[in-house]
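Engineer: Sharing a model prediction with you, sequence too.
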Amino acid sequence: MSLVPGKVVLDAANKGGYAIGAFNFNNMEILQAIIDAAEEEKSPVIIAASEGAIKYAGLEMLVGLAETAAEKVGVPVALHLDHGTHYDIILRCLRAGFTSVMIDASSRPFDENVKLTKQIVDIAHPMGVSVEAELGRLMGIEDNISVAERDAVLVDPDQAEKFVELTGVDSLAPAIGTSHGAFKFKGEAKLDFDRLKKVKEKTGIPLVLHGASGVPRHLLDTINRFGGDIKGAKGLPAETLQKAIAYGINKVNTDTDLRLAFTGAIREVLAEKKEVFDPRKILGPAREKMKEVIKERMRLFGSVNKA
Ligand code: TD4
Ligand code: CA
Ligand code: ZN
């Protein structure tokens, strides 16, 4: 079917108490892995492109791939701009056919974040496009962090309430202790569930967890076994993620786990089959591995059979 607005799948997840996966893509194989996983699991899905992905593949190329892939399947698919930083790039995405955009002005002062986010909502909504915004800084929280330090970094629930009222945003990413990449926690994985609970109570809208990759051991092991060298990586444990979903997270962003799956599968083929030089024999297994990882994530999120 045609791409659907992000709000359609996120509002249903909010009502149903589960989460939709937002998976980043920047080439055909990653996109196919996401779409095929969604179809096989009968799961709604969000495909996400970062500004870096747009720079790498080209905006029209990504939209063309996304629309073609979505048309092919019966499950709802939304095309989302991940971490849009400026008005101009967001406008380009709106014109090109994105059905959801994130304006990430969380590093700016609160009033500026409100102003820019509201500006985006005002142009996106009449086009039927949903808007996600962010509050707080995406950062891991250490055990010994003080209350004041924590307050300075993580989302303020009262501000979140005000922010949603003032902007009319469709979904919100509150910083509660996750961070992007493969090195999320030095010690124990900790999230500020109290804060998450308050943000949910005060806003009621779909909440988004960034930096949610699990960084599973087996993916790291494959990479390291076949010539890679990634040490000390640590992701968000499955139980912690499921608790966050129970507290009101309805969109879970995953990029790192796909990068790990992709890299491990390619390293394995190249190490084990030294005679191979056909790109399809190299990227095919990587696509398969990513699909497996995505399906596993969808089961964890509770989005299977929700399409
Ligand atoms: O928003 N994201 C994905 C971030 C993608 C960054 O892409 P560029 O390198 O092009 O800037 C997440 O929250 C994913 O979190 P994860 O835990 O998977 O790192
Ligand atoms: Ca940010
Ligand atoms: Zn993110």
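Structural biologist: Everything's here; your move. Ligands and ions are numbered 1, 2, ... in the order given.

Engineer: Alpha carbons only: can I get whatever helix or strand Val199 lives in in CSV?
Structural biologist: Element membership for Val199 (DSSP states H and E) is helix 193-203. What follows is helix 193-203, C-alpha atoms only, in CSV (Å, rounded to 0.1, in the frame of the first residue of the first chain):
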residue,chain,number,x,y,z
PHE,A,193,11.6,5.2,34.4
ASP,A,194,10.1,7.6,36.9
ARG,A,195,10.7,10.4,34.5
LEU,A,196,9.3,8.4,31.6
LYS,A,197,6.1,7.6,33.6
LYS,A,198,5.6,11.3,34.4
VAL,A,199,6.1,12.4,30.8
LYS,A,200,3.5,9.9,29.7
GLU,A,201,1.0,10.9,32.3
LYS,A,202,1.4,14.6,31.5
THR,A,203,1.4,14.3,27.7
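
Engineer: Give me the contact status of the longest helix along the chain with ligand 1.
Structural biologist: Longest helix in the chain, counting residues (DSSP state H): helix 279-301. No. Interface with ligand 1: helix 279-301 contributes nothing (CB under 6 Å from any ligand atom), its closest point being 10.2 Å away. Any C-beta I mention is one placed from the backbone N, CA and C, and that applies to glycine too.

Engineer: so what does that helix touch, helix or strand wise?
Structural biologist: Counting contacts by 3 or more CB pairs under 8 Å, 6 or more residues apart in numbering; DSSP states H and E, helix 279-301 is packed against strand 20-24, helix 28-41, helix 238-246, strand 249-254, helix 256-272.

Engineer: what packs against the shortest one?
Structural biologist: Applying 3+ CB pairs under 8 Å, 6+ apart, one finds that strand 20-24 makes contact with helix 6-16, helix 28-41, strand 45-50, strand 77-84, strand 249-254, helix 279-301.

Engineer: TSV for the helices and strands packed on helix 279-301, including mean pLDDT and distance to Gly84?
Structural biologist: Compiled in TSV, the helices and strands packed on helix 279-301 are given as follows (pLDDT from 0 to 100; distance: least, CB to CB, whole Å):
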stretch	mean pLDDT	distance to Gly84
strand 20-24	99	13
helix 28-41	98	19
helix 238-246	98	24
strand 249-254	99	14
helix 256-272	98	20
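
Engineer: Of the ones you listed, which is nearest Pro126?
Structural biologist: Nearest to Pro126, of all those, is strand 249-254, at 22.8 Å by CB to CB.

Engineer: What about contact with ligand 1: does that closest one have any residue there?
Structural biologist: Yes. Using CB under 6 Å from any ligand atom, strand 249-254 reaches ligand 1 at Asn253, Thr254.

Engineer: From the rest of the structure, what touches stretch 166-175?
Structural biologist: 6-7, 10, 102, 104, 106, 114, 117-118, 121, 125, 130-139, 153-155, 160, 163-164, 195-196, 199, 203, 205-210, 250-251 (CB atoms under 8 Å, 6 or more residues apart in numbering).

Engineer: rerun at 6 Å
Structural biologist: Residues outside stretch 166-175 that contact it (CB atoms under 6 Å, 6 or more residues apart in numbering) are 7, 10, 114, 117-118, 121, 130-138, 154-155, 199, 205-208, 210.

Engineer: Buried ones among these?
Structural biologist: 7, 10, 114, 117-118, 121, 130-136, 138, 154-155, 199, 205-208, 210 (16 or more other CB atoms under 10 Å).

Engineer: For ligand 1, tell me which of the residues you listed show up nearby.
Structural biologist: When contact is defined as CB under 6 Å from any ligand atom, these meet ligand 1 at His210.

Engineer: any weak-confidence spans in the stretch 1-150 of the chain?
Structural biologist: Scanning the stretch 1-150 of the chain for pLDDT under 70 picks out no residues.

Engineer: what does it put close to ligand 1?
Structural biologist: So far as CB under 6 Å from any ligand atom goes, the stretch 1-150 of the chain lies against ligand 1 at Asn24, Ser50, Gly52, Ala53, Asp82, His83.
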